[in-house]
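# Mind folding the following:
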Amino acid sequence: MAGIGFELRKLLRKESYLGLLQAYAFAGVISSGPWVLSIIGILVIGILSASVVAPNFLVGQFQTTVTYLMLTSLILTGLVQLGFTRFISDRMYEKKDDMVLPNFNGLLLLVVVVSGALGVTAALTLFPGESDFYRVLVMSCFVILCCIWVATIFLSGMKQYKEIVALFGLGYAVTVVSSLTLRPLGMEGLLLGFVIGHFVLLTGMVTMTLRNYPSTYFIAFDFLKKGAMYPSLILTGLIYNLGIWADKLLFWYWPETSQAIIGPLRASLIYDLPVFLAYLAIIPGMAVFLVRIETDFVEYFEKFYDAVREGGSLDHIETMREEMVFTIRQGLAEIVKIQAIAVLIVFVTGPALLDWLGISQLYLSLLYVDVVASGLQVVLLGQLNIFFYLDKRLTVLFVTSLFLILNFGLTAITLQLGAAFYGYGFALALLITVMVAMHLLERRLHRLEYETFMLQ
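Have a look, this model is predicted:
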């Protein structure tokens with residue numbers, strides 16, 4: 001998210017309630033807009049198609065297929081997202097802008113080849129009872145989604161935030177319209193509409209890249225050279241995505257909590273709905289996270305390192321460090337406060353919300369636990385962001401690995417203990433990870449001057 005602070009500071013300089021509201025609204029849209037649009041789009045397709053697509057379980061097959069496509073594509077592209085973004089950022093710092101487009105094209109080609117091979121293999125071996133049309137759509141959608149995640153993280157690193165949200169809005173509008181138009185064709189019609197919308201989204205992203213980063217040559221693979229991408233970032237991208245999905249996968253394939261949907265794909269009605277509703281509650285926390293971390297913290301972060309580079313006095317350097325530490329603590333505290341308010345709102349409105357959605361009150365306790373867990377996840381994102389600013393890549397790798405191990409292990413234990421403990425594994429894993437990350441962050445900040453001067 002580096003760079004978004006400039007836009008936010010511009011809004012905050014108005015020193016009015018309107019400017020403050022605009023800053024938080026902008027941050028909320030940028031941080032949560034794309035995935036909120038995707039979730040709402042898929043839900044709208046499912047709700048409006050339930051009475052048209054017969055039998056009704058075909059809509060569930062469509063939604064489950066899309067969920068697994070997103071899961072697998074995010075995990076696969078997690079291997080290159082962070083590493084490639086850092087590679088491009090380093091090249092731009094070196095004023096080698098002509099390397100941006102060729103290497104982006106090279107990465108897209110690599111992603112298409114690898115995801116295409118995996119998609120063809122999965123379509124041929126995992127869905128023997130499904131139609132050839134369904135298999136082709138699954139393969140095509142997997143390749144397109146992999147390319148979209150790479151393009152999204154790339155354009156985010158290049159500070160094209162507004163354009164990303166606008167493209168996601170256009171892409172999912174086309175997705176909804178296409179799917180609803182093609183729904184008489186059944187589940188394949190819904191999936192074809194999904195493919196069409198995402199192809200439009202990907203085309204827009206590639207076009208934006210071609211327009212903004214011209215080059216004299218078309219394709220290059222410099223990012224594959226030895227030392228071009230940090231191995232710690234490659235592993236972090238993979239492990240973080242696995243950590244986020246670990247509890248969901250366990251619930252999907254635990255016999256007592258899941259149902260077979262299509263081919264080898266399973267879903268967990270008892271777990272999926274509360275988790276979805278809980279994730280919608282993190283939008284305020286994500287907005288606060290961006291506003292506070294990307295404005296106050298970044299301002300003193302830059303002042304601290306400017307003082308170091310320009311030979312500032314020790315008193316001035318220490319003052320800037322203390323201000324930076326204060327903004328970190330204040331920012332994380334505000335994230336906790338706003339998420340606590342969101343949790344209280346869900347606790348109060350939860351029963352009425354479930355009734356309005358036609359969901360059993362049996363989901364209520366799991367919803368409460370998941371809301372708390374999702375709030376902790378926002379705090380963890382804030383901590384990881386600060387570690388990235390401080391260039392503590394191995395620390396981030398350790399924290400994300402801890403989260404993956406704890407989420408998998410504790411969720412497995414709660415599944416053994418029974419329904420009363422569902423969701424607590426995910427929440428406890430995040431709580432422990434956040435506490436460990438906080439300890440490591442305090443330690444790094446306390447040693448910041450020493451590490452800045454002595455470890456270069």
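# Do a quick rundown of the strands in the stretch 51-200 of the chain.
For the stretch 51-200 of the chain, applying DSSP state E, counting those that start in this stretch gives no strands.
# Report the residue spans of it with pLDDT below the cut-off.
51-56, 156-161 (pLDDT under 70).
# Ok, the stretch 351-456 of the chain next?
357-358, 455-456.
# Looking at this structure, which helix is longest?
helix 314-357 (DSSP state H).
# What is that helix packed up against?
helix 269-280, helix 283-291, helix 298-309, helix 364-389, helix 424-446, helix 448-454 (3 or more Cβ pairs under 8 Å, 6 or more residues apart in numbering; DSSP states H and E). In this view, the C-beta of every residue, glycine as well, is placed from N, C-alpha and C.
# relative orientation of it and helix 424-446 in degrees?
170 degrees (axes from the mean of the first three to the mean of the last three Cα atoms, to 10 degrees).
# For the helices and strands packed on helix 314-357, give me TSV that also has distance to Ser258 and mean neighbour count.
Compiled in TSV, those are given as follows (distance: least, Cβ to Cβ, whole Å; neighbours: other Cβ atoms under 10 Å):
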stretch	distance to Ser258	mean neighbour count
helix 269-280	8	19
helix 283-291	28	24
helix 298-309	43	17
helix 364-389	15	22
helix 424-446	16	19
helix 448-454	47	13
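# Nearest approach to Thr400 belongs to which of those helices?
Among the helices and strands packed on helix 314-357, the nearest to Thr400 by Cβ to Cβ is helix 364-389 (7.4 Å).
# helix or strand right after that closest one?
Sequence order places helix 393-417 as the next helix or strand after helix 364-389, per DSSP states H and E.
# Any chance you could list what contacts that following helix?
230, 232-233, 235-236, 239-240, 242-243, 246-247, 250-251, 254, 256-257, 380, 383-384, 387-388, 421-426, 428-430, 432-433, 436-437, 440, 444 (Cβ atoms under 8 Å, 6 or more residues apart in numbering).
# Can you read off the backbone torsions of the most far-flung residue of the chain relative to its centre?
For the chain, the largest distance from the centre (Cα atoms, centre = their mean) belongs to Ser313, which lies 40.5 Å off. Note on Ser313: backbone dihedrals following degrees, to the nearest 10 are phi -70, psi 160.
# domains for this structure, by residue range?
When the chain is parsed with automatic domain parsing, its domains come out as 33-229, 275-454.
# For Gly263, find the nearest of these.
Closest among the domains of the chain, using Cβ to Cβ: domain 33-229, at 4.4 Å.
# Phe84 and Leu180, how far apart?
36 Å (Cβ to Cβ, to the nearest Å).
# ok, the two, which is more surrounded?
Phe84 (27 against 17; other Cβ atoms under 10 Å).
# which ones are touching Val174?
196-197, 200-201.
# I misspoke; the intended subject was Phe421.
Phe421 neighbours (Cβ under 8 Å, 6+ apart): 413-414.
# same check, this time on the one 4 residues further on
Residues near Gly425 by Cβ under 8 Å, 6+ apart: 247, 407, 409-415.
# and the gap between it and Val275?
12 Å.
# likewise Met320?
Met320 is 41 Å from Val275, by Cβ to Cβ.
# next one: Val298
32 Å.
# Next: Tyr230.
32 Å.
# ok, how many other residues are close to Tyr68?
23.
# So for Lys226, which of the helices and strands packed on helix 314-357 sits nearest?
Closest among the helices and strands packed on helix 314-357, using Cβ to Cβ: helix 364-389, at 23.1 Å.
# Quick check: next helix or strand after the host helix or strand of Leu202?
Using DSSP H and E, Leu202 falls within helix 187-212. In the C-terminal direction, the helix or strand that comes right after helix 187-212 (DSSP H and E) is helix 231-253.
# List the strands paired with the helix or strand following that next one, with their directions.
The helix or strand immediately downstream of helix 231-253 is strand 259-262, counting by DSSP H and E. According to DSSP bridges, strand 259-262 forms sheet pairs with strand 265-267 (antiparallel).
# So what's the model's average confidence on the strand it pairs with?
Strand 265-267 shows an average pLDDT of 90 in the prediction.
# For the contacts of Val174, give me a markdown table that also has distance to Ile261.
Shown next, in a markdown table, are the contacts of Val174 (distance: Cβ to Cβ, whole Å):
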| residue | distance to Ile261 |
| --- | --- |
| Ile196 | 23 |
| Gly197 | 22 |
| Val200 | 27 |
| Leu201 | 25 |
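# Neighbour-wise, give me the winner out of the residues you listed.
Leu201 (27 neighbours).
# isn't it right next to Val165, touching?
No. Judged on Cβ atoms under 8 Å, Leu201 makes no contact with Val165 at a distance of 11.5 Å.
# Return the distance of the residue nearest to Leu182 when sequence neighbours are not counted relative to Thr77.
Spatial nearest neighbour of Leu182, chain neighbours left out: Gly189 (3.6 Å); criterion: Cβ to Cβ, 6 or more residues apart in numbering. Distance, Gly189 to Thr77, by Cβ to Cβ: 27 Å.
# Pick out whichever of these two has more residues nearby.
Each of Gly189 and Thr77 has its neighbours counted (other Cβ under 10 Å); Thr77 has more, 26 against 23.
# Pull the contacting residues for the more buried one.
111, 146, 149-150, 237.
# buried subset of those?
Buried subset of these (neighbour count, 16 or more other Cβ atoms under 10 Å): 111, 146, 149-150, 237.
# Who are the packing partners of the helix holding Leu202?
Partner elements for helix 187-212 (3+ Cβ pairs under 8 Å, 6+ apart): helix 17-49, helix 57-93, helix 100-126, helix 132-157, helix 161-182.
# between it and helix 100-126, how many degrees?
Counting by the same axes, to 10 degrees, helix 187-212 lies at 170 degrees to helix 100-126.
# Which stretch among the domains of the chain approaches Leu265 most closely?
Closest among the domains of the chain, using Cβ to Cβ: domain 33-229, at 5.3 Å.
# quick one, what contacts the nearest residue to Val138 once chain neighbours are set aside?
Nearest non-adjacent residue to Val138, counting by Cβ to Cβ, 6+ apart: Ala123, 5.2 Å away. Ala123 makes contact with 135-136, 138-139, according to Cβ under 8 Å, 6+ apart.
# what's the spacing between Ala123 and Ala117?
Distance from Ala123 to Ala117, by Cβ to Cβ: 11 Å.
# How about Arg86?
Plainly put, Arg86 is 26 Å away from Ala117 if you go by Cβ to Cβ.
# Pick out whichever of those two has more residues nearby.
Arg86 (21 against 12).
# Kindly state the pLDDT recorded for the closest residue in space to that one that isn't next to it in sequence?
Leaving aside its chain neighbours, Arg86 sits nearest to Leu233 (5.7 Å; criterion: Cβ to Cβ, 6+ apart). We note a pLDDT of 92 for Leu233 in this prediction.
# Can you name the residues that contact Leu233?
82-83, 86, 393.
# again, only this time at 10 Å
79-87, 388, 393, 396-397 (Cβ atoms under 10 Å, 6 or more residues apart in numbering).
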